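[1] Okay, predicted coordinates and the sequence, questions at the end:
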Amino acid sequence: MTPISVQDVGKCYEGAKKDAPLWALRGVSFEVERGEALALVGENGSGKSTLLDLLMGVTRPTQGRIHVAGASAALVELGAGLFAELSGRENAVQAALLRGRHASQARAHAEVVAEIAELGAFFDRPLRTYSAGMAMRLGFAIAVSASAEVTFVDEVLAVGDGYYQRRCIDRLLEMKRNGTTLVIASHDLHALRGLCSRAVWLRDGRVEQIGGVDEVVSQFEEYLRQRGTDDSLRPGTRSGTGEVVVDAVRLLNEAGQECSTLPSGETLRVAIDFEVLEPVDSPIMGVALFRDDGVYCYGPNTRDDLRLRGVYHGRYTFEAEFPKLALLPGHYEISLAFYDKEHVYAYAWHHRLYKLQIVGDVDLHGVVRLPHTFRVTPRGAS
Amino acid sequence: MTAPMSPRVPSWLRSLGPLVQVGLRQRYAGSWLGSIWAILGPLVEVAAYVALFSLLLPSEEGADHFSFALHVAAGLLPWVSFREAVDGAALIMTENRWIRRSSVPLELLVARQVGLSGVRGLVGLLLVLATAALAGRAPGVAGFALPFVGLALQLVATYGISLGVAPLAVVFPDLRPGLASALTLLTFASPIVFPESIAGERVLALLEWNPYTHFLRLFRASLTPAPASSLWVSALAAATALGAGHFARHRLWWVARDRL
């Protein structure tokens, strides 16, 4: 039997008017296999959190059936239910007691939380003395310390600082390796691609698409691009967990001279000076080219072409060369990214930050000049 | 539909004692004396009643102001703990909004609140007994045991009422101010700060119908013998409140949760 089964589920909330009920979800059906990680994607208000609430059993479906087998845990609203006057340890003990643990179990549980949270001496100080990041770390540690066969995760990947995000994703990867069944709702589409194998796209409370994570997320990204509603896809965005700092980016022509304009068909080299602040193992580096209207032209990375091995720490220059760049004349934007070895979270990501103009004297249509020939032959005998 | 991820009753009950301890630390966090205030507060109250009635009021022939001070303390301290718990129950869901996405059972939050408030009643009754004993008025076995039996029954009743009030206050927001007024009325409709002996026959007959009168008689059993009927009426009231509270919780929880 599958650990999670959702059959034709709907959830209706009472509207402001009795005759106008609000359907947060309608006709949702899917199953999740044991040890599988399922992504839930969709815009705000699409029904992701409602679906997770139903799976968690904290609310009831108005129609349909939900079955969740085995012990479940939830990573939602981290930090909720923590008390400012209690220390990190007391909060951890209280959280365990509220989950029904014995006093001795709760004290032992606090030690596990201390290890995950890495708060040092602050763990025994009142929560009110914590920074926002430290409080989030405590909330996360308390939440993930509860082991379960099924874990539901609601939008905890896109909050907090880089360190927190990295720990969060590492922990989810570890849970996945240990066979935990995961259902993850998030706006961090890249992380979802790395963590999950399948995805459900919810739109206005209904399943828009269900299938392989790459296929579904790509369709969803395209939808967002068309609507222009995703901030993370906007040109000029910088993000990342911060282990890698980009010092300088140079666009070089065939002669090695810096340029912002390049004739179509000439070689482009993108040279990136960067510093790795903390040792990172086998990072993935990549460069992507976009047309200025958002069309994704090409984006190779070292995961596919040149697997980088070993630990990187210090200053380096990364070069990506595009010989005889056959882009058609127009305005283009370049993205660059440094990812962890699992290709789940970005140490540094500059999205469509660098401008390049391709010039040429031919008036062609499309994106790229492809090698081609023309031939005309007579058809049949006259 | 999967079962909610809430621990079953026996599993959360074992967490209650340590949770009340943490709650007490939280309540008095930042103060120099910390949880000692849980004893110091009722001690000051009992001392104040004794001082007010024994020392400040003019002595009249035949008037036992000291006993009256203990009589008031034995009624008022458990009453305040009851009132505090029920008042707090009306806010428990809105102040712990996180519960709507949590596996923590509402029962445990309510029980913690009742336990925390009950500390005041327990300490108050212990102090009354100790003060009476120090004054050479040590009660018999029944007089010693009945106040605590009464307090245990009050805790059960408070838990039941609070369990119903918690979701009810979310579904019917007017309940909260209404409840405060009702509790004020009940304060004066019960012989908390006045002795039954000053009430006329009609008032006495009415007081018999007020369950809290019977709880008060049990609390004061160390000072004035309590009739056996008060024990049964209190037990019946506690069982009724518990049943009604559970009924309301199960009928209203999902509606209240969705409205949070």
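    The structure has been received and is ready for your questions.

[2] Tell me how far the nearest residue in space to residue B:190 that is not next to it in sequence lies from residue A:347.
    Closest residue to residue B:190 apart from its sequence neighbours, by CB to CB, 6 or more residues apart in numbering or on different chains: residue B:212 at 4.3 Å. Every residue, glycine included, has its C-beta placed from N, CA and C. According to CB to CB, to the nearest Å, residue B:212 and residue A:347 sit 66 Å apart.

[3] What residues does the stretch 151-260 of chain B have near chain A?
    For the stretch 151-260 of chain B, the residues in contact with chain A (CB under 8 Å from any CB of the partner chain) are B:254, B:257, B:258.

[4] Tell me the one of the residues you listed nearest residue A:182?
    Of all these, residue A:182 sits closest to residue B:257, with 24.6 Å by CB to CB.

[5] and that closest one, how many neighbours does it have?
    Neighbour count of residue B:257, defined by other CB atoms under 10 Å in any protein chain shown: 19.

[6] who's in contact with it?
    By CB atoms under 8 Å, 6 or more residues apart in numbering or on different chains, the contact set of residue B:257 is A:58, A:59, B:99, B:100, B:167.

[7] Touching, the third one and residue B:93? I think so.
    I take that to be residue B:99. Yes. Residue B:99 is within contact range of residue B:93, at 6.4 Å (criterion: CB atoms under 8 Å).

[8] who touches both of the two?
    B:106, B:260.

[9] Around chain B, pick out the residues from the stretch 51-200 of chain A.
    With CB under 8 Å from any CB as the criterion, the stretch 51-200 of chain A meets chain B at residues A:53, A:55-61, A:65-69, A:71-74, A:76-77, A:80-81, A:83, A:85-86, A:90, A:93-94, A:97-103, A:106, A:126.

[10] of those residues, buried ones?
    Neighbour-count burial (16 or more other CB atoms under 10 Å in any protein chain shown) is assigned, among those, to A:53, A:55-59, A:61, A:66, A:68, A:72-74, A:76-77, A:81, A:83, A:86, A:90, A:93-94, A:97-101, A:103, A:106, A:126.

[11] Among those, which lie within strands?
    A:66, A:68, A:72, A:73, A:74 (DSSP state E).

[12] re the thing from before, can you tell me which of the residues of the stretch 151-260 of chain B next to chain A lies nearest to residue B:129?
    Closest approach to residue B:129 among these (CB to CB): residue B:257, at 42.7 Å.

[13] quick one: the helices in the stretch 101-250 of chain B?
    B:106-134, B:141-171, B:175-189, B:201-208, B:211-219, B:228-259 (DSSP state H, counting those that start in this stretch).

[14] right, and those helices - which one's nearest residue A:9?
    helix B:228-259 (15.4 Å).

[15] For the stretch 51-200 of chain A, which residues score under the pLDDT cut-off?
    By pLDDT under 70, the weakly predicted segments of the stretch 51-200 of chain A are A:157-161.

[16] what are the phi and psi values for the residue in the stretch 151-300 of chain A positioned nearest to chain B?
    Distances between the stretch 151-300 of chain A and chain B by CB to the nearest CB are smallest at residue A:154, namely 8.0 Å. In terms of degrees, to the nearest 10, the main-chain angles of residue A:154 are phi -120, psi 110.

[17] residue contacts, the closest residue to it other than its chain neighbours?
    Leaving aside its chain neighbours, residue A:154 sits nearest to residue A:76 (4.2 Å; criterion: CB to CB, 6+ apart). Taking CB under 8 Å, 6+ apart as the criterion, residue A:76 is in contact with A:49, A:52, A:56, A:143, A:152, A:153, A:154, A:155, A:156, B:101.

[18] filter these to the buried ones?
    Here, 16+ other CB under 10 Å leaves A:49, A:52, A:56, A:143, A:152, A:153, A:154, A:155, A:156, B:101 buried among the contacts of residue A:76.

[19] Much appreciated, bye for now.
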